[in-house]
Structure formats: C-alpha cells, structure tokens
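J.: the sequence isn't on hand, but the structure is:
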C-alpha cells in the first residue's frame, strides 16, 4: 500500500504530501493511540484477517482462526464497539464483515512496513 497521505514528523506534527505542516491535538493523539491498541491484539488481527474477503458467522470465524468461540465473541464485541467490523442478521445467525477498506489498508501497511 503506497501513498499514505500523511508523513509523521514528530509527536505532535504531521506533514501532508502537499507539504503543509499541522499539529494533532491531544484528543486526536489519544484517539489514534486507542485505534492502534485495537490492532495490537493478535486474536483481533486473526479475526480481521479472516474477514478480509468474505462475511463469516462466529462459528466460521472460530474455525478459520482456531480461536475459541468465547474469545471470538469477546473480541468481536470490541471490534464492533470500535467500528472495525459490522454485522447483519442472516436468519438466526449474525454475519460479520469489515466495516470498510480502511481496516485492510491499515493491516496491509503494517505488513509492508514489517517486510521492508
């Protein structure tokens, strides 16, 4: 994933690709840190990756990740609260998917960074 729109300059400043420099306020810094905390759990990452290209129910996520159903349900609740996954009812089951392509972009950028 090339073309990340912002370049990190310091703890409080970010430079855009167009050269402008702006400061992140404290609230934005805390919100950004909270977002990255969500991605810091390997179980949550397994769940997110299992949903990259398809919708799955809890049983299917459990099977795809090798994580217990209790743990999957717990982590899905956190991912839903943070708007990283969405769900819809399919009969008696809930089917989960990624909320949007930003989730894929963040994970793919992390993978690219590790592989450099």
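T.: Okay, I see it. As the structure is a computational prediction, the values presented were derived from the model and not from experiment. Numbers count the residues shown, from 1 in each chain.
J.: what's the burial count for residue 106?
T.: Using other C-beta atoms under 10 Å, residue 106 is surrounded by 17 other residues. Bear in mind the C-beta positions are built from the backbone N, C-alpha and C, glycine included.
J.: nope, residue 38 is what I was after
T.: Neighbours of residue 38 (other C-beta under 10 Å): 19.
J.: where does the protein dip in pLDDT?
T.: By pLDDT under 70, the weakly predicted segments of the chain are 1-23.
J.: which stretches in it count as strands?
T.: When assigned using DSSP state E, the strands of the chain occupy the ranges 6-8, 13-16, 21-23, 56-57, 85-90, 93-98.
J.: quick one: contacts for the closest residue to residue 89 other than its chain neighbours?
T.: Leaving aside its chain neighbours, residue 89 sits nearest to residue 95 (7.6 Å; criterion: C-beta to C-beta, 6 or more residues apart in numbering). Residue 95 is in contact with 55, 56, 57, 87, 88, 89, counting by C-beta atoms under 8 Å, 6 or more residues apart in numbering.
J.: and residue 95, how far is that from residue 106?
T.: Going from residue 95 to residue 106 by C-beta to C-beta, to the nearest Å gives 22 Å.
J.: for the chain, just list every one of the helices.
T.: Secondary structure of the chain by DSSP state H: the helices cover 26-38, 42-50, 58-65, 69-81, 101-115.
J.: okay, now the domains of this protein?
T.: 1-38, 41-116 (automatic domain parsing).
J.: any idea which of those domains is most buried?
T.: domain 41-116 (a mean of 15; mean count of other C-beta atoms under 10 Å).
J.: now the end-to-end length of that domain.
T.: 22 Å (C-alpha to C-alpha, to the nearest Å).
J.: any idea how far residue 68 is from residue 85?
T.: 18 Å.
J.: next one: residue 109
T.: Using C-beta to C-beta, residue 109 is found at 19 Å from residue 85.
J.: try residue 57
T.: Counting by C-beta to C-beta, the gap from residue 57 to residue 85 is 12 Å.
J.: got any residues that touch both of the two?
T.: Common neighbours of residue 57 and residue 85, counting by C-beta under 8 Å, 6+ apart, are residue 96.
J.: quick one, what contacts the residue nearest to the spatial centre of the chain?
T.: Centroid check for the chain by C-alpha atoms, centre = their mean gives residue 103 as the closest residue, at 4.2 Å. Applying C-beta under 8 Å, 6+ apart to residue 103 gives the contacts 48, 84, 85.
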